[in-house]
Each structure stands twice: as structure tokens, then as C-alpha cells.
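Student: Sharing a model prediction with you, sequence too.
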Amino acid sequence: MSAADLWETALGPVPSLGISVSGLVTGDVTRSVEATVITSILDIATKKPRTKAAELSFRQAQLAAAGDTLALAHETRRKWIEAVGAYEAAALVGRSQSAADAASELAAELGTTGALSKADQAREHVFTAELSAEHADAKLEAQLAKEQLVRLMGLWGTGTEFYVPDSLPALPANAPNRANIERLALTNRIDLAAGRLDLEAVANRYRLNGQTRMLSDAEIIAGAEIEREEGESERAPVVDVEFRIPVYDTSGLISRRGKLEYLRSANNLAQTAIEARSEARAAYAAVTGKHQIARHWRDQVLPLRRQIDEQALLSYNGMLTSTFELLNDAREGLESQLSAAEAKKDYWLAEADTTAAVWGGATGEGASEGGDEE
Amino acid sequence: MNRRQMLGAGIGAGAAALTVSAGQAQTRFRDLPEASSTDSPYTQVPSRPTTGLEYNPIVTLNGWSLPYRMNGNVKEFHLVAEPVERIMAEGMVGRLWGYNGQSTGPTIEAVEGERVRIYVTNRLPEHTSVHWHGLILPSGMDGVGGLSHPAIPSGKTFVYEFDLVKSGTFMYHPHADEMVQMAMGMMGLFIVHPRDPAFMPVDRDFGLLLAAYDIDPGTYIPRVSEMTDFNLWTFNSRIFPDIDPLVVSKGDRVRIRVGNLTMTNHPIHMHGYDFEVTSTDGGWVRPEARWPEVTIDIPVGAMRAYEFNAVHEGDWAFHCHKSHHTMNAMGHELPTVIGANKKRVTEMIRKHQPGYMPMGTAGMADMGEMSMEIPENTIPMMTGWGPFGPLEMGGMFSVVKVREGIAPDDYSDPGWFENPPGTQAWEWTGELPEHASNDSPATILTPRGGIRLG
């Protein structure tokens, strides 16, 4: 396989928003763009033994590039979710405003007939006016969110005229089942693949051969002596999923520098693996929790709001409450819808972070925070 | 009383209710008069007395009279204070407290000079007492919990016994946690008939108590903490359109006795007649102290009985003259939308509430005609249909129906009155109808009796 072929496979179709979004809608991590980008690279990067330093460094560069792509894809996906979420919020604030407009219109009409004082009319109007400001703000926020998306996608000119939907996809029936997320992350994360390559490069550079045994990341972090040739350390902590790190026989090594470099690489890799585990668990906790919260809004809060709206109409019909009270209930219902939409957006962000936790590409604001940033 | 004790009391009361209905109750209550009960909200005309002294029974509107037994010379009654479900109108149930299955409670009827023994069983979750409003009796029988005697604990039966030293119009109600228990519907009439049947005789004797409740639309139980802003104004815990009519035969001497246990006065107005108050809860009014009226204000905590000769046939409205009291539950904070053009606003609102109907822009009469879905267990604010259209009434409203030839004990609804020709308001269409136009130069004497002939 030539270098040109490798590049094409790795970065071939630059992950586009379209692909990214299809991954979002199916909600299936293994079918997302990351899977297409990485699988082929990982196969060649990790399975075959390598002897040539040149090829190793080429592979390293390749993985770094793939890592950047994943980070961009992840960032783009988050921005897309935020932009669509912002449009959804703006639309809901718009509906609130339209309910307030109706109250304002009625207040003006009752001012004309002489049934409502100037003060009471002003109270209705000022509410509407304040809500218009909020609506304008929400619309602006949506526009700015779209602009951030445009920047990430590198679009310009007419390319920026794409349509951002008014609402995020509905909440799926279940959160993605990723009980094995730790294993997935350890198998698939591109930074771990890069770490292995680093280790291989060090071993290659110092002509280490004779791989003696494998230690897990946890064992290394717990301080297992890599140099010891006997079997596994008795202090090895028990972990469900092992991330195996090759240990070479360094006894024949002349330079102490080489030995230290190897140890550093092995420790770095172990540390990355431990972090990847934590990020994966956090991402899974976040996506499960956010799904439950969003479902609570959808299945508990919104039905109660609908019931309030229905009863408000009956009460109005019976001349027990006024049109103003009816509209007020409608506006409060929209507040709940706004919160429900926010919870749904949080879920989709957490879902995107799960993908990043499995494949890599999570930025600082990613996996561990589970999309909590405002 | 803390919550725990309250629960215990509730269980005790429930257990008492069980024992009464079960067979072994015969043992425990062997010596007591039967605790009669009714689940009917309709007027039950009492039969004439077969034991004890003779009297002309009173007809309690949408109520009944408590059966009694004679024990030697003593007339014995058994009142049971208990939670009840009162059908306040078809489609509305009030979860009230009352006596013997209903609120208001059954009317107690006896005769001047008799001795009465009244067993009061308490099946409420809290203590109660019975105050015999207006009756002259020993202090220890007056029924003020804590003052006259200890209140009747939940699950217990107390006995009141006294002589009826004067005839008249009285009532009974609790005087222990009185505010709550009266807001829950505990009250009843107590009529003492004159010993001499020839004293103040009438052919028809009606009685009712004015009671007010605050039952929020969509709910069943009164808000007992309400002081003034009640939304259901009732005759005997019934509201229009389901208060029975007062059926009278033409020529009858009629007495109507009204007691007020609400928090405000009620000017009770009857159409078609003038009449005089002949009795209060203090006693009979001497003839020289009476004056003619068409509206009688019933003060709070007071009773009035008025009489008239039913000479004018017809369907005559009988209601409280406070116009909000002839309404059922409604919003009192509604803005007036008369004259407002709601066309545009309706379109705007329907985006949020597709079922929105603009109402009230021409007045509120559309409420009486439209039948839109309203909250459950709620009677429309204005409702009822007569022979000529919607009545647009509610609350304290009924009809006195005076007809020719109604049998003495017949109180069944004779239907709507048919106005004799020429005695009904008509629409003017540019010409006078035949009976009102006259092109004859001859002198025509106007017929007597107010009825014009064609």
C-alpha cells in the first residue's frame, strides 16, 4: 500500500457535515463518520510489525492528521447541535411572543371600549415589548451559532446559505447502549493508537526486540516494574477491560537514555489509556443521564402542561377565567417547552461526546463535561 | 387535636358507620330510634302524622322530614351527623357534611307542648354539637360545645331532651367547629307546629334554608376557609336549574319559611304577589305589626316566614334579588369585553388554543345559549330553559307555580304555565293585534279582572 493510498484512505472524504449529521440521527456510534475514518487506519497502524523508522514516522503523522480530523468533526457536530438548538429556542420564544401579542392586542381593544385602564394596558404591552427583545436576542444567538458552524465548515459565499433546521431530531426511545464503552474506547481511540506507535518507534529506535510480556495500563500506573522479567505483578489491580501495553526486554540496552525514553512513552500511553477510560465512563454517564432528564421533560412535564392548557380552555369556556389568564397559561406552557428543548439539546451534545470518547477527537469542553457548558 | 388523633377519630367514625349498617348494630342501638337516611335530593312530601299530636306537615324544598317514634309521651328522633354526597344539581356533586344522608339535614317537626328527645350520633371525623336555634330550652341543652355541654366526640351518641314551649320557625346547626361544619353544609329546619290547629292555619307550608358554598369549578369539596366570596348560593344545598318548584293550588293560603345560614343577607323576592311576614325565628308577628312587601330581606342567622293567598295563577319567579346570587360559579375578575372586536385577537389566540371561542363581546347571554365544555362537576354560570328560551339563571332561583285545582298533597311539577290569549307580551310589528285595535265608535267597557278579551 503506497503512501498516497494511505492518505486517501485516512483523510479521503473529508468528513462533511452531512455524514456527521447522519451519525447524529441514527445515534449509533459505530456507524458514525469516525468509524469510517479510523477503522482502516487502525488496522494497518497497529497490526503489522514495522521495521522502518520512516514508515513509523509516516504512520505517526497520519494518525495525528486523523486525530485533527476527528477533533474537527466533533467540534462541527457540537456546533451544528448548538446552532439547531438555538433556532429551536428562537422559534419557541417567537411563539411566546405571539401569545403575548394576542394579549396586547386584546388589551388595546379593551382600551378602546373603555374596559381597561392605561396602566393595565401598559402592563400587557410592556410584557410583549420585553418579550420582543428576548425574541430578537434569541434570533441573533441562533444566527451567531450558525456563523460559528460556517467557520468550522470552512464555507463562504453562497455556501453559507444552507438551511439550519428549526428543531433537533426527536429524542430517541433509548440512550445508546454503551455499557462496554470502556472497551470500545480502548480499542478505537486514535490517541491510544498514536501512543502505541510512539512506543513502537522508541523500541525501534533503540533496536529493542524480544517483547517479553504485556502489562495493562492499570498495572503500569500502579507501578509494576516494567523491567522485571518474572510474571505479572501481584499488586496488579483488577480491571474489567485490559489495555495491553507491550513490555520489551530492556536489559541489553546500553544507553540509559533509551530506557528512560521507553519508560516515559509507556507511562504516557498508560496515562492516556486511564484517562480514556474515565472519559468514556463520564461520557456514558452523561448521555444516559441527559437522556433521562430530556425524557422526564418530554414525558412528565409537557403532558402536565397540555393538561393545564386543556383545563384553562374549559375554565375560560365557563366564564371562570379571562382570555388573559388563558394566554398566560399558554405562555407558561411555552416556557416548559423551551426547557424541554434545552434538555433535548443537552442530550444530543452528550451523545456527540460519547462518539468522541469512543474514537477520540474530544476537545477540552467535550466528554468529561457532557455538554454542560452554556 | 393532632393529625394522628384525627386519623384515629376518622377510623372510629368509619367503624361506627359499619356497625350501624351491620346486623349486630341492632344490639348496640337497640334502644335508639332508627337512624333513617335518604339518598334522594328531591322533595319528599311528609305524610300526615298518625301518632302524637296532629299537625299540618311542612314541605321541605328538595328535602325531607325526619321520622320519629313516640316513646310514652316523648317524641324521639335520631339525627346522624355524617359526611354526605349531595347532588347539588344534575351533573354536580358536593362532598359535604350533613345529617342522615343529606345536606341540608332533615326537617324536625313537632308540636308545641310536646317533649322531644333527640339522639345525635356523630359519624364525623371530629367532634360536633347541635344548637337548637331560636328554641326556648334549658341552658345545658343549647348545644354550644364547651359552653352548654362537652362537644359530642367522634363516634359517640349524645341525647338532647327538652319541652317545646312555643310554636314557630326554627333551625338547628352545629356549634362546635361551627365555621367549618356550617361551611360544609350542616344545618336543618326545626318546625314547631301550634298546638291549636286552628291557629295560623295554611294549606301549604314550605321551608328552606339559604346556604352558601365555595366549591371551585372542577372540585367537589367546599373551601371552608372562604369568608365572603362564595360561588354557590343555594336553597337547601341545591342550585338552579334543579331546585324543585313550589307547587300551589289556586286559592291556597301559603306560607314560605326561609332561614339564612350564609355569611350575607338575602333579599328574597317573589313575583306576582304582595305578602306579609307572619313569623320570625323569634315567634309569630302580631297582625298589627305586619306590613306588605314583595321582597323580604333575610338577615344572617335569622328566619322569616311570610304568607299569601295564592289567587294569581301563573309561573312566578322566586329568588334572591342579589343578581350575583342567581348565578352559578363564575369568575368575578373577568374584564368586561362588551363592544370589543375580538376578530383579530381570536385568530391570534387560536394559534395557541385552537378551541378558543370569543365570548362576552355583546354581553354574557351567549353563555346561557352556548353549551361549551366546561370543567367537570360544574354547572354553567347561567343556565336553564323555560318555555320561551334560556332563563340565564343559577343559584338561588326557583318558580312558584300557582294552578287551578291541584290536589291537596300533590306537589308534582305541573309543567309551564300557558298564558291565556292576550296576556303575554308580544312583538310589535307595526300594527296592533286584533284584540288591541278598535275601529268601532261604540263605547266598550274594559272587562274586570285585568284580563282583556279580544
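Tutor: Cool, got the structure. Numbering: from 1, shown residues only, chains lettered A, B, ... in the order given.
Student: Spell out which residues of the stretch 101-250 of chain B are next to chain A.
Tutor: B:217, B:218 (Cβ under 8 Å from any Cβ of the partner chain). For the C-beta atoms, the positions are set from N, CA and C on the backbone; glycine is no exception.
Student: residue boundaries of the helices in the stretch 101-250 of chain B?
Tutor: Applying DSSP state H, counting those that start in this stretch to the stretch 101-250 of chain B gives helices spanning B:178-183.
Student: Likewise for the stretch 101-250 of chain A?
Tutor: Under DSSP H, counting those that start in this stretch, the stretch 101-250 of chain A gives helices at A:118-153, A:181-188, A:190-205, A:217-221.
Student: Tell me the buried residues in the third one?
Tutor: Yep, that's helix A:190-205 we're talking about. A:190-204 (16 or more other Cβ atoms under 10 Å in any protein chain shown).
Student: Sketch out the low-pLDDT regions of chain B for me.
Tutor: Residue ranges of chain B with pLDDT under 70: B:1-30, B:432-437, B:446-454.
Student: what packs against the longest strand along it?
Tutor: Identified as the longest strand of chain B according to DSSP state E is strand B:74-89. Applying 3 or more Cβ pairs under 8 Å, 6 or more residues apart in numbering or on different chains; DSSP states H and E, we find strand B:74-89 packed against strand B:69-71, strand B:92-99, strand B:108-111, strand B:115-122.
Student: Go through the last one and flag the buried ones.
Tutor: Within strand B:115-122, the residues that qualify as buried by neighbour count (16+ other Cβ under 10 Å) are B:116, B:117, B:118, B:119, B:120, B:121, B:122.
Student: Quick check: the last one touching residue B:150?
Tutor: Just to be clear, that refers to residue B:122. No: between residue B:122 and residue B:150 no contact is recorded; they are 11.8 Å apart, counting by Cβ atoms under 8 Å.
Student: wait, what's in contact with residue 361?
Tutor: Let's take chain A. Contact analysis of residue A:361 by Cβ atoms under 8 Å, 6 or more residues apart in numbering or on different chains lists A:34, A:67, A:69, A:70, A:71, A:72, A:73, A:74, A:190.
Student: that's the wrong chain, I meant chain B
Tutor: By Cβ under 8 Å, 6+ apart, the contact list for residue B:361 reads B:337, B:338, B:339, B:340, B:341, B:342.
Student: Can you add neighbour count and give these back as TSV?
Tutor: Below are the contacts of residue B:361 laid out as TSV (neighbours: other Cβ atoms under 10 Å in any protein chain shown):
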residue	neighbour count
B:337	24
B:338	14
B:339	14
B:340	24
B:341	13
B:342	21
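Student: just checking: which of those residues also lie near chain A?
Tutor: Within the contacts of residue B:361, those near chain A by Cβ under 8 Å from any Cβ are B:337, B:338, B:339, B:340, B:341, B:342.
Student: With distance to residue B:233 and secondary structure added, can I get those residues in TSV?
Tutor: As requested, the ones next to chain A among the contacts of residue B:361 are exported to TSV (distance: Cβ to Cβ, whole Å; DSSP: H, G, I helix; E, B strand; the rest coil):
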residue	distance to residue B:233	secondary structure
B:337	25	coil
B:338	24	coil
B:339	29	coil
B:340	29	coil
B:341	34	coil
B:342	30	coil
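Student: Distance of the residue located most distally from the centre of chain A relative to residue B:338?
Tutor: Largest separation from the mean C-alpha position in chain A: residue A:114, at 56.2 Å (Cα atoms, centre = their mean). As judged by Cβ to Cβ, to the nearest Å, residue A:114 and residue B:338 stand 9 Å apart.
Student: same deal with residue B:168?
Tutor: 48 Å.
Student: Same question for residue B:395.
Tutor: Noted for residue B:395: a distance of 22 Å to residue B:338, by Cβ to Cβ.
Student: same question, residue A:283
Tutor: 62 Å.
Student: Show me the contact partners of stretch B:331-349.
Tutor: Here stretch B:331-349 has contacts from A:98-99, A:101-102, A:105-106, A:109-110, A:112-116, A:319-324, A:326-327, B:229, B:324, B:356, B:358-363, using Cβ under 8 Å, 6+ apart.
Student: Relative to chain B, which residue of the stretch 251-374 of chain A is the closest?
Tutor: residue A:318 (3.5 Å; Cβ to the nearest Cβ).
Student: what's the pLDDT at that residue?
Tutor: Predicted confidence (pLDDT) at residue A:318: the value is 91.
Student: Please verify my assumption that it contacts residue B:217.
Tutor: Yes: using Cβ under 8 Å, residue A:318 is in contact with residue B:217, at 6.0 Å.
Student: and for these two, which residues touch both?
Tutor: Counting by Cβ under 8 Å, 6+ apart, the residues touching both residue A:318 and residue B:217 are B:329, B:374, B:375, B:378.
Student: nearest spatial neighbour of residue 351, skipping sequence neighbours?
Tutor: Unless you meant another one, I'm taking chain A. residue A:287 (5.4 Å; Cβ to Cβ, 6 or more residues apart in numbering or on different chains).
Student: my bad, chain B
Tutor: Residue B:351's closest residue in space is residue A:98 (Cβ to Cβ, 6+ apart), at 6.0 Å.
Student: dump the residue contacts of the one you found.
Tutor: Residues in contact with residue A:98, defined by Cβ under 8 Å, 6+ apart, are B:348, B:351, B:352.
Student: ok, residue 110 - contacts?
Tutor: Let's take chain A. Residue A:110 touches A:116, A:121, B:335, B:336, B:337, B:340, counting by Cβ under 8 Å, 6+ apart.
Student: sorry, should have said chain B
Tutor: Residues near residue B:110 by Cβ under 8 Å, 6+ apart: B:52, B:68, B:75, B:116, B:164, B:191, B:192, B:193.
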